[in-house]
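> the sequence and its predicted three-dimensional model are supplied below.
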Amino acid sequence: MLLPDSQGCRPLIFAHRPAPIQIAYLGLPATSGQPGIDYVLCDRFLIPEEYAPHYSEKPLYMPDVFQASDRQRTHGPIPSRAECKLPEEGFVFCCFNNNHKYTPKMFDTWVRILKRVPGSVLVLYAKFPIVEENLKREVRQRGIDEKRVIFVGAVGVEEYLARFAVCDLFLDTFPFNAGTTANDALWMGLPLLTLCGRSFAARMSAALLTAAGLDELITHDLADYEDLAVELAQNPERYRHLRARVSELRTNVLFDMPRFVNNLENILTALTMEHAYHEQPGDS
C-alpha cells in the first residue's frame, strides 16, 4: 500500500501494515528504508552480518543462496557463430544485462579488454535501435573498430537462453550486477566474471558464484576484473577447465527449486511461530 502524507509528498509504504509480517525479496535490490518492512530475504554473502546495520530490515538468511531458478527450463537449438553474425575464430565476450546498467567506466574497461585480446568480440544486448547507435558511437570514440561489438535484440525465452552457449565469457556490470541474467548464464554453462562491491545490487552475481563454488570469478576492483578477463581469453587450458566446471552446475543449489522452497518454508514457519508467541497476551 502506498499512501501520501498530509502534504501529498513523502510516501508512507505499508502504512496500515496489510500483513503482520512484511518481507522484502528481489523486487528492490537494496534496503527499502521503510520501518513497515520487517525483513529482507538474502544469504550471508549478499548481506554479510557486518553490513546488516545499514539495512532498515532485519536479514532473513537462506542457508544456501538468496536466488534459485527452475531446472526444468528448456532452451532452443544452439545457433552457430555465423547465425549470430560472429566471426568463426576469436574469443567471444558478452553482456546481456539491460543497457541502463552500462556505465562509462565499465564500458572503458570492456574496450580495453578487447584491445588486449586480438580477434575478440563483444556481444551486447540493445533493447532499442537508438541504444545500438549510441553505443557504436562510444566504441568509435574509444578507438576500436565498431564491428568488434555485435548487438542483439529481444527474442523469446528459449532463443535467449540458447545465445549464452555461443559465447565464451559473460562480463558483468557494476555497480548494478546481473541478477536473473547471471543465473541464466550459469544455467547455460557460460562462465561469468563479476566485480563485487558492498551494496545489495553490487553483490548479486558474486553471491551466485559463491554458491556455485566459483569464487575465482569474483573480483573487487576494475584492474583485477580486466586482467582476469584477458587471462581467461588468452589461457585456453585454464578456460577449458573453468568451462567444464560451469557445465556441471545444473545439479547445484542454484537450480534446486524444491530445496529452495523447503528452506524458505522452514524460515517462514519459524518466523510465524515466533511472531505468534510474542503476540500472545501476558498472564493476568
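Thanks, I have it. Residues are numbered from 1 along each chain as shown.

> could you dump the helix or strand hosting Leu208 to PDB, C-alpha only?
Taking DSSP states H and E as the definition, Leu208 sits inside helix 204-211. Only the C-alpha atoms of helix 204-211 are listed here, as PDB (Å, rounded to 0.1, in the frame of the first residue of the first chain):
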ATOM      1  CA  MET A 204      24.200 -10.400  -6.500                       C
ATOM      2  CA  SER A 205      26.400 -12.200  -9.100                       C
ATOM      3  CA  ALA A 206      29.100 -12.800  -6.500                       C
ATOM      4  CA  ALA A 207      26.500 -14.400  -4.200                       C
ATOM      5  CA  LEU A 208      25.600 -16.800  -7.000                       C
ATOM      6  CA  LEU A 209      29.200 -17.600  -7.900                       C
ATOM      7  CA  THR A 210      29.900 -18.300  -4.200                       C
ATOM      8  CA  ALA A 211      27.100 -20.800  -4.000                       C
END
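
> give the rounded mean pLDDT of it.
For helix 204-211, mean pLDDT is 97.

> by contact count, what packs against it?
Secondary-structure packing of helix 204-211 (3 or more C-beta pairs under 8 Å, 6 or more residues apart in numbering; DSSP states H and E): helix 180-187, strand 192-195, strand 218-219. From N, CA and C alone the C-beta is placed, and that goes for glycine too.

> what's in contact with it?
29, 43, 45-46, 64-67, 172, 177-179, 182-183, 186, 192, 194, 196, 215, 217-218, 252-254 (C-beta atoms under 8 Å, 6 or more residues apart in numbering).

> any chance of the helices and strands packed on helix 204-211 in a markdown table with distance to Pro20, mean neighbour count and mean pLDDT as columns?
Formatted as a markdown table, the helices and strands packed on helix 204-211 follow (distance: least, C-beta to C-beta, whole Å; neighbours: other C-beta atoms under 10 Å; pLDDT from 0 to 100):
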| stretch | distance to Pro20 | mean neighbour count | mean pLDDT |
| --- | --- | --- | --- |
| helix 180-187 | 30 | 22 | 96 |
| strand 192-195 | 37 | 26 | 98 |
| strand 218-219 | 38 | 22 | 98 |
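
> quick one, what contacts Gly153?
Per C-beta under 8 Å, 6+ apart, neighbours of Gly153: Tyr125, Ala126, Lys127.
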